[in-house]
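> Need the 3D shape of this:
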Amino acid sequence: MGDEAGALALVGPGRAGVAVAAALVTAGWRVVGVAGRSPDAPSTRAAGVSLEAPPVPVAQAAAGADVVLVATPDAAIAQVVAAIAPAVSASTLVVHLSGSLGLDVLAPVAAAGGRAGALHPLQSLPSSGLGLSRLRGSWCAVAGDPQVYDLAAAMGMHPMALADADRVRYHAAACVASNHLVALLAQVERLAPVPLEAYLPLVRATVENVAELGPAGALTGPVARGDVETVRAHLAVLPEKERDAYRALAREAVHLAGNARSAMLEVLA
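Numbering: from 1, shown residues only. Below is the predicted model of the structure:
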């Protein structure tokens, strides 16, 4: 079918699934069914209204669909695949959106004669509405059937092939880049005597510096300068429960700076 629009079914009407389905609708696809915990579940009905598609049982999701998006939590994917596999045909492409799982979880689809693929958007999708706007221009990790590349291109995304053996490490890095950054900014908010918004221009500029110069070139501050006394002063005023995160990240900065002075490492021990 190439990149021509076709019939799409969504299993898992969460933020990521609805955002990806909506992006494909914008590209000309038609959603023919939305499946969730049950056809009557509020999230299933809400997604059906948003995507103008009827709620359907999971076992019937593949009926009449050229592509089935499986956007459930990782722990539920195998069960979903087992339920939809009997209804797939040689033209059916089943695509999961997991970042850490490979194609092996889709083995029942291949055994039933269907096609399998994986497409993980490397983007934060806090809501389906924001997700739709953020997908275009983002990267995504893809594997499996070549049509997955066409789906990525239709959404304006940049696909990159990722082997199953690398997916868990890739996903761990994604969590560090997004989830751990959020946790770090929550620490900033706890520590700061001024509003968090005052720090956000610094955060944005730092990310831009990393994009332009790489992590080592973007590193500034007392660790990069070897300013032991300032680091010591920081630790002295931090609440005890906040010190472990500061020390751990400062040690990473020491190694990044190539400034492994014994005095600095002693302070951070």
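> where in this protein is pLDDT low?
1-4, 260-261 (pLDDT under 70).
> Give me the number of neighbouring residues for Tyr170.
16 (other CB atoms under 10 Å). In short, each C-beta sits where N, CA and C put it, glycine included.
> looking at it, it is touching Ala161, isn't it?
No. Using CB atoms under 8 Å, Tyr170 is not in contact with Ala161; the gap is 11.3 Å.
> which residues does the residue nearest to Glu212 when sequence neighbours are not counted contact?
In space, and not counting its chain neighbours, Glu212 is closest to Ala218: 7.7 Å by CB to CB, 6 or more residues apart in numbering. Ala218 sits next to 206, 209-210, 212 when contact means CB atoms under 8 Å, 6 or more residues apart in numbering.
> which among those residues gets closest to Leu101?
Val210 (28.6 Å; CB to CB).
> that older thread, widest-spaced pair of the contacts of Ala218?
Checking those with CB to CB, the most distant pair is Thr206 and Glu212, at 10.9 Å.
> out of the two, which sits in the busier spot?
Set side by side, Thr206 and Glu212 give different neighbour counts by other CB under 10 Å, the larger being at Thr206 (14 against 9).
> what comes up buried for the helix or strand where the more buried one lies?
Here Thr206 sits within helix 200-218, counting by DSSP states H and E. For helix 200-218, the neighbour count (16 or more other CB atoms under 10 Å) marks Ala218 as buried.
> where along the chain do the helices fall?
Counting by DSSP state H, the chain has helices at residues 15-26, 42-51, 74-84, 107-111, 128-135, 147-154, 167-175, 181-191, 200-218, 222-225, 228-237, 240-257, 262-267.
> Just say which of those is most tucked in.
Greatest average neighbour count among the helices of the chain goes to helix 15-26 (a mean of 23), per mean count of other CB atoms under 10 Å.
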